[in-house]
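Novice: sharing a sequence plus its predicted fold:
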Amino acid sequence: MATAETELLIRTRRDLHQHPELAFQEVRTAGIVADRLRAAGYDVRTGIAETGVVGTLRGGAGDGPTLLLRADMDALPIVEETSHGFRSTVEGKMHACGHDAHTAIGLAVAERLAAKRGEWGGTVKYVFQPAEEGGQGALRMIEQGVLEGVDQALGLHVWMGLPSGIVGVTPGPFMASAGEFELTVRGRGGHGAMPEQTVDAVVIGSQIVVALQSIVSRTVSPLESAVVTVGAFHAGSAQNVIAESARLVGTYRAFEVEACEELPRRIEKIAAALCQAMGATYDFHYRQDTPPTINDPAIADLVRAAAEEVVGTDRVRFGAEVRTMAAEDFGEFLLRVPGCYFFVGAMNEEKGQVHPHHNPRFDICEDCMPVAVEVLERAALRALNGDRPV
């Protein structure tokens, strides 16, 4: 990338980082995106799924596919603890997952494609999405028509699980399907010195937590992948009071849609059996948040080829080792059209940029951003031009 282009890329990311906006509140970010897309020549629609933006541009080289490119815009409700000079200026809000970088990268790619409009055919539909972080922003935008006429989809995530500039992609399942559950155990409270008069919700809840570990180890095939995690356990109020209720909150994940649909049924079955055996009742609620992100093999090969042109074969990881049980609602697009989602490594141990996503000290190595622009642009041009090298 030219120096001026790189400087704009970094400056845009840092500006967005200083002004984080939560799901469906991305008003300032959406305004910046819309202005830049209009200036580049895109036909722009705003207010999709509240704050989403879509820029559409037709190529000048004739007919071709309609390619959806996507960048997410939302931040997280986290108090930032980094020490760099462009910390969040909004208390309690932080770009702790790299969406500031995704938006900046997306704008750079959109402007590059516009500048090369005569070199590609078909149509680019660039989607800047709100509410990826649990707000089902992708599904909301799909429900409002952003996938109409789309043939393929591409997207990327800067990723702390890989060294800066390494590209990771794989055909097939790439990121997991994810859901969340809440279980409330209802017993009978009483004095800690007289347990025989009570039904101890803490004991029952604890046994449920332990028993849930058998779901993956004993009811899921070792050849498949799944996770059941209890992330919070709330019960009790004093050292000499047996708790009347206990609340367990957790997540379940799998690479297969059917497996993820089965997991909450198994969680409830275990809870029901233990509560019945120990004289308690329960309330159980769950929600399926995101489907798995499953890459089309041919388009994954296209992305690999584009990445190898940019960073070389030795800096591309292609295979199951880059899969993760983390979830991403780009999978909603890939349920409906073929496409590919890939990682660009953002970790740099020498610079101390090692903290994971959703951590208050999260920070990316910005050297990964020009790599991301180059790979995504080349992959887009390959898709638009029938996978011909560019």
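Specialist: Now that the structure is in, tell me what you want to look at. Remember, predicted model here, so these are calculated numbers, not experimental data.

Novice: any weak-confidence spans in this structure?
Specialist: Residues of the chain meeting the criterion pLDDT under 70: 388-390.

Novice: nearest spatial neighbour of the residue nearest the centre of it, chain-adjacent residues omitted?
Specialist: What sits nearest the mean C-alpha location of the chain, by C-alpha atoms, centre = their mean, is residue 328, with 3.0 Å. If the residues on either side of it in the chain are set aside, residue 328 comes closest to residue 175, at 4.8 Å by C-beta to C-beta, 6 or more residues apart in numbering. C-beta coordinates here come from the backbone N, C-alpha and C atoms, glycine included.

Novice: show me the contacts for that neighbour.
Specialist: Applying C-beta atoms under 8 Å, 6 or more residues apart in numbering, we find residue 175 in contact with 292, 293, 323, 324, 325, 326, 327, 328, 331, 341.

Novice: tell me which strands the longest strand along the chain pairs with, and in which orientation.
Specialist: As assigned by DSSP state E, the longest strand anywhere in the chain is strand 152-163. Paired strands of strand 152-163, with direction, are strand 66-72 (parallel), strand 339-347 (parallel) (DSSP bridges).

Novice: and the following helix or strand past the last one, how far out from the chain's middle?
Specialist: In this case it means strand 339-347. Past strand 339-347, heading to the C-terminal end, the next element that is a helix or strand (DSSP states H and E) is helix 368-384. Computed by C-alpha atoms, centre = their mean, to the nearest Å, the chain-centroid distance of helix 368-384 equals 19 Å.

Novice: same question, stretch 95-114
Specialist: For stretch 95-114 - counting by C-alpha atoms, centre = their mean - the centre lies 15 Å from the chain centre.

Novice: just the buried positions in the longest strand of the chain, please.
Specialist: Neighbour-count burial for strand 152-163, with 16 or more other C-beta atoms under 10 Å as criterion, is recorded at 152, 153, 154, 155, 156, 157, 158, 159, 160, 161, 162.

Novice: next, the angle helix 368-384 makes with it.
Specialist: With axes from the mean of the first three to the mean of the last three C-alpha atoms, to 10 degrees as the basis, strand 152-163 and helix 368-384 are set at 150 degrees to each other.

Novice: residue 74 contacts residue 26, correct?
Specialist: Yes. Distance between residue 74 and residue 26: 5.8 Å, which falls inside the contact criterion (C-beta atoms under 8 Å).

Novice: the two - which one has more neighbours?
Specialist: Regarding residue 74 and residue 26, a neighbour count based on other C-beta atoms under 10 Å identifies residue 26 as having more, with 30 against 27.

Novice: next up, the contacts around that one.
Specialist: Contacts were defined as C-beta under 8 Å, 6+ apart; by that measure residue 26 touches 51, 73, 74, 130.

Novice: how far away is it from residue 75?
Specialist: Using C-beta to C-beta, to the nearest Å, residue 26 is found at 8 Å from residue 75.

Novice: how about residue 382?
Specialist: For residue 382, the distance to residue 75 under the criterion C-beta to C-beta works out to 32 Å.

Novice: can you name the residues that contact residue 330?
Specialist: Contact partners of residue 330, counting by C-beta under 8 Å, 6+ apart, are 70, 132, 138, 153, 155, 293, 341.

Novice: which parts of the stretch 1-150 of the chain are strands?
Specialist: For the stretch 1-150 of the chain, applying DSSP state E, counting those that start in this stretch gives strands covering 43-48, 52-58, 66-72, 123-129.

Novice: neighbours of the residue nearest to residue 153 when sequence neighbours are not counted, how many?
Specialist: The shortest distance from residue 153 to any non-neighbouring residue, by C-beta to C-beta, 6+ apart, is to residue 339 (3.3 Å). Using other C-beta under 10 Å, the number of residues around residue 339 comes to 26.

Novice: doesn't residue 297 make contact with residue 339?
Specialist: No. With contacts defined as C-beta under 8 Å, residue 339 does not count as touching residue 297, sitting 11.4 Å away.

Novice: can you name the element that comes right after the longest helix anywhere in the chain?
Specialist: Within the chain, and with DSSP state H defining each element, the longest helix by residue count is helix 257-278. Past helix 257-278, heading to the C-terminal end, the next element that is a helix or strand (DSSP H and E) is strand 281-290.

Novice: list the buried residues of that next one.
Specialist: Neighbour-count burial for strand 281-290, with 16+ other C-beta under 10 Å as criterion, is recorded at 282, 284, 286, 288, 289, 290.

Novice: correct me, but the third one touches residue 178?
Specialist: No. Under the criterion of C-beta under 8 Å, residue 286 makes no contact with residue 178, lying 11.2 Å away.

Novice: got any residues that touch both of the two?
Specialist: Looking at what touches both residue 286 and residue 178 (by C-beta under 8 Å, 6+ apart), the common residues are residue 252.

Novice: can you show me the helices along the stretch 1-150 of the chain?
Specialist: Along the stretch 1-150 of the chain, the segments classed as helices by DSSP state H, counting those that start in this stretch run 3-18, 27-40, 99-115, 137-143.

Novice: quick check, residue 370 in contact with residue 1.
Specialist: Yes. Contact between residue 370 and residue 1 holds when scored by C-beta under 8 Å: they sit 4.5 Å apart.

Novice: of the two, who's got more company?
Specialist: Neighbour comparison, residue 370 and residue 1: the larger count goes to residue 370, with 19 against 15 (by other C-beta under 10 Å).

Novice: that one and residue 218, how far apart?
Specialist: Relative to residue 218, residue 370 is positioned 47 Å away (C-beta to C-beta).

Novice: ok, residue 155 next?
Specialist: 36 Å.

Novice: cool, and residue 315?
Specialist: Looking at residue 315 against residue 218, where the rule is C-beta to C-beta, the gap reads 40 Å.

Novice: now swap in residue 380 and tell me
Specialist: As for residue 380, its distance to residue 218 is 45 Å (criterion: C-beta to C-beta).

Novice: more neighbours: which of those two?
Specialist: Neighbour totals were compared for residue 380 and residue 218, and residue 380 leads with 26 against 7 (other C-beta under 10 Å).
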